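Chemist: what follows is a predicted protein model with its sequence.
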Amino acid sequence: MIMKRIILLFAAIIAVACHSYAIFDKYTIDRDNLPEEAQAMLTEYFPKAKVSMIKVDKHLLKKTDYDVRLTNGTTVEFNNKGKWTSVDCKNREVPEGLVIKPIRRYVTKNFSGLKIVKIKKKASGYEVGLSDGVDLKFNLLGSFTGVLKIEE
């Protein structure tokens, strides 16, 4: 019985700590809250789009990351150093400069007429979303490794 109470108390303390840490998340529209590299990326690849929201996401054990939503619907996620980790342009094409050449060539050759509408950069490679709902996986060098999912 005492052990059960100790476990419940411990769980409650962890829950309160995690909840109170979430209070440190910050919402803004000021680009100055982003690292310089993130600001430069937005200026270069989305020069006309205005920021509708920036979520400065502070994690308990990880470093801060940034979720940026633009007025055109595009969402861009950045790590704590300002490097992009994910770009989702919804129905519009991801800017060409954000997709490495081997991936662009593969998609052009094998999925003619489709656009890359989202890209996610991971430690193991890239995940690319096409305009027809197909998600493809590539290694860090841009070699195709498989299909992640097909939306119906």
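Modeler: Sure thing, it's come through. In this text the structure is predicted, and so the values were computed from the model without any measurement.
Chemist: alpha carbons only for contacts and neighbour counts from here, please
Modeler: Fine.
Chemist: now Lys26, nearest residue through space, not along the chain?
Modeler: Among residues not flanking Lys26 along the chain, Val56 sits closest, at 5.0 Å (C-alpha to C-alpha, 6 or more residues apart in numbering).
Chemist: next helix or strand past the host helix or strand of that neighbour?
Modeler: Here Val56, judged by DSSP states H and E, is contained in strand 51-57. Using DSSP H and E, the helix or strand that follows strand 51-57 in sequence is strand 65-70.
Chemist: what's the angle from that following strand to strand 51-57?
Modeler: Interaxial angle of strand 65-70 relative to strand 51-57 (axes from the mean of the first three to the mean of the last three C-alpha atoms, to 10 degrees): 170 degrees.
Chemist: contacting residues around the residue nearest to the spatial centre of the chain?
Modeler: Closest to where the C-alpha atoms of the chain average out (C-alpha atoms, centre = their mean) is Ser86, at 3.0 Å. Contacts for Ser86 were tallied using C-alpha atoms under 8 Å, 6 or more residues apart in numbering; they are 75-78, 118-121.
Chemist: quickly find the element holding it.
Modeler: Ser86 belongs to strand 84-88, assigned by DSSP H and E.
Chemist: quick one: average pLDDT of that strand?
Modeler: On average, the pLDDT along strand 84-88 is 95.
Chemist: ditto for stretch 70-78
Modeler: For stretch 70-78, mean pLDDT is 92.
Chemist: what about it, how long is it end to end?
Modeler: 14 Å (C-alpha to C-alpha, to the nearest Å).
Chemist: give the next helix or strand downstream of the lowest-mean-pLDDT helix or strand in the chain.
Modeler: Sorted by mean pLDDT, DSSP states H and E, the helices and strands of the chain end with helix 2-22, the least confident at a mean of 60. Next in sequence after helix 2-22, counting helices and strands by DSSP H and E, comes strand 26-28.
Chemist: now do that following strand: distance to the chain's middle.
Modeler: Centroid separation for strand 26-28 versus its chain: 17 Å, with C-alpha atoms, centre = their mean, to the nearest Å.
Chemist: go on, stretch 108-118?
Modeler: The answer for stretch 108-118 is 20 Å, by C-alpha atoms, centre = their mean.
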